[in-house]
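>>> how would this look folded up:
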Amino acid sequence: MPSRRLQVWKPCVICKDMTTEFNYQVDSCNKCKMVFRRVFRLSVPLEPCNCSTRRIQECRNCRFYSCINGGMQINSIKKYREKLSLIDSLIALDNKRNSTFFKYQMTEDLNLDQIMSPGAIKEKDEHVIFTSHDWVLMEIYTTIEFMKGFDLVNLLTSRDLKIFIKNAYFKCAIYFIAVRSYSNNLSFMTFPEKVDVFPEEILNVPQYSQLLLNKIRCRLISKFIEYRVTKEELLLLVSIIFCDQTDPDYSMPAKNIISQYQKIYASALFQYCELKYQQSVPARFAELISISAVLVDTITDLDTVVSLFNLYQPTLKLRQLVKDSFPQS
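Residues are numbered from 1 along each chain as shown. This is a model prediction of the structure:
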């Protein structure tokens with residue numbers, strides 16, 4: 001007769017009930033497994049938890065966040081195991097972002113809270129002529145909508161979601177300006193219709209360093225050109241960039257969730273490099289990741305330019321979403 005496997009009973013690391021199961025890389029009971037799995041099927045965010053119970057068994061949200069803190073791995077969920085399939089969803093999100101960018105306009109100068117609500121945009125008027133201020137608002141809006149299309153958004157509390165969006169929307173909007181210009185075979189950042197990325201009001205002010213402005217326009221794209229970055233790599237890289245869990249104001253579950261998604265996208269990028277390049281994969285992966293530091297340098301230089309705005313043109317009216325990205329503005 002075949003030997004029977006000895007079942008070892010252990011406490012579930014989530015709820016402490018005794019179990020013989022091992023799910024999503026931790027000792028966990030069937031109930032905790034099912035709560036964790038079902039959350040990833042939700043098409044709407046988790047509802048805010050206001051419960052006062054100390055027993056996580058009585059609250060789905062509390063149990064799920066305990067699953068995260070207890071070490072359950074998101075990359076063990078079936079749809080994340082085939083990491084290259086993530087690229088198709090990223091391309092779909094990006095196509096939607098680009099379509100909205102060209103077909104709509106902002107209704108007014110909104111802040112972050114307002115732009116997160118419906119009604120922030122309308123169909124673009126036929127004869128409207130966009131300035132750099134108009135284009136940057138649409139770039140920011142479509143970047144935020146791109147970010148809101150990610151699964152992890154449904155797993156964050158409203159407080160953590162606001163931190164997540166606020167930390168990433170501007171730098172990723174700059175990244176997308178560079179991506180669009182690069183895709184149009186340009187060597188410098190510009191908006192459509194040859195509108196400069198800097199406000200028209202600064203063009204006749206001699207105090208601004210043209211060297212600094214051109215460095216901002218060109219530095220990021222020069223790396224795209226040097227490394228011949230593909231569309232798939234660009235999208236996976238921006239996903240890694242905005243999954244930054246280092247903000248100290250995040251709750252512990254949010255840090256864990258964002259960190260796990262960053263690892264999922266980093267793993268997908270590495271796997272893509274393995275399939276496309278076969279040789280020198282670690283070097284290629286390191287090249288791509290280094291672009292994130294170039295983006296940080298670009299944002300630092302932009303911060304300098306905003307300081308110059310305040311010095312030389314204190315009456316220059318930057319859009320609220322731009323001002324909110326720079327503390328000194």
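>>> what's the neighbour count on I77?
Residues lying near I77 (other Cβ atoms under 10 Å) number 17. Backbone N, C-alpha and C define where each C-beta goes, glycine included.
>>> What strand or helix carries I163?
helix 158-183 (DSSP states H and E).
>>> okay, the angle between whichever helix or strand comes after that helix and helix 158-183?
Scanning forward in sequence from helix 158-183 by DSSP H and E, the next helix or strand is helix 210-227. Interaxial angle, helix 210-227 versus helix 158-183 (axes from the mean of the first three to the mean of the last three Cα atoms, to 10 degrees): 80 degrees.
>>> buried stuff in helix 210-227?
In terms of neighbour count (16 or more other Cβ atoms under 10 Å), helix 210-227 has its buried residues at 213, 216-224.
>>> Check stretch 100-111 too.
100-101, 104-106, 110.
>>> Pull the most distant pair out of these.
F101 and L110 (16.3 Å; Cβ to Cβ).
>>> Report the contact partners of the residue nearest in space to the middle of the chain.
Closest residue to the average C-alpha location of the chain: F242 at 3.4 Å, with Cα atoms, centre = their mean. Applying Cβ atoms under 8 Å, 6 or more residues apart in numbering to F242 gives the contacts 147, 164, 167-168, 171-172.
>>> ok, 6 Å please
By Cβ atoms under 6 Å, 6 or more residues apart in numbering, F242 lies in contact with 168, 172.
>>> repeat for V153
Here V153 is in contact with no residue (Cβ under 6 Å, 6+ apart).
>>> Look at it and tell me its secondary structure.
Following DSSP: H, G, I helix; E, B strand; the rest coil, we place V153 in the helix state.
>>> pLDDT score for it?
Note on V153: pLDDT of 91.
>>> What helix or strand is K31 located in?
Here K31 is assigned to helix 30-39, by DSSP H and E.
>>> For that helix, which helices and strands make contact with it?
helix 60-69 (3 or more Cβ pairs under 6 Å, 6 or more residues apart in numbering; DSSP states H and E).
>>> What residues sit buried inside the following helix or strand past the helix it packs on?
Using DSSP H and E, the next helix or strand after helix 60-69 towards the C-terminus is helix 78-81. The neighbour-count check on helix 78-81 (16+ other Cβ under 10 Å) flags Y80 as buried.
>>> for the record, mean pLDDT for the helix or strand just after helix 78-81?
Sequence-wise, the next helix or strand downstream of helix 78-81 (DSSP H and E) is helix 85-103. The pLDDT scores in helix 85-103 average 94.
>>> about what we covered before: how much space between the residue nearest to the centre of the chain and I144?
10 Å (Cβ to Cβ, to the nearest Å).
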